[in-house]
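>>> Following is a predicted model, sequence given first.
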Amino acid sequence: MSHASLATAIMGSQAGLTRTQLGVSMEKMNADRGTAIANLVDSAQQNLKSLANVSPGTGKHLNVSA
């Protein structure tokens, strides 16, 4: 095996390793994003439960002009 082909093989394996590490990092970010979305949905459901006890007509005549 020549030095050039050995060097080419090493460079190719390094590039493959880099792509693999990048893919793992992206999957971790996707998993973290999924957890954050689940937490957001859970918080929204808890807020809706607290609003269920509000009397009818509350906020009906809310003036939001600035």
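Looks like it came in fine.
>>> So for the helix or strand encompassing Asn47, mean pLDDT?
Assigned by DSSP states H and E, Asn47 belongs to helix 3-51. Confidence for helix 3-51, expressed as mean pLDDT, is 87.
>>> how far does that helix sit from the chain's center?
Centroid separation for helix 3-51 versus its chain: 8 Å, with Cα atoms, centre = their mean, to the nearest Å.
>>> same check, this time on stretch 49-56
On Cα atoms, centre = their mean, the centre of stretch 49-56 falls 31 Å from the chain's centre.
>>> next one: stretch 52-62
That offset, for stretch 52-62, works out to 34 Å (Cα atoms, centre = their mean).
>>> follow-up on the earlier one: does anything pack onto the helix holding Asn47? Which helices or strands?
Contact here means 3 or more Cβ pairs under 8 Å, 6 or more residues apart in numbering; DSSP states H and E; on that basis helix 3-51 packs against no helix or strand. C-beta: built from backbone N, CA, C; applies to glycine.
>>> Count the neighbours of Asn47 for me.
Counted with other Cβ atoms under 10 Å, the neighbours of Asn47 add up to 10.
>>> Fine by me, thanks again.
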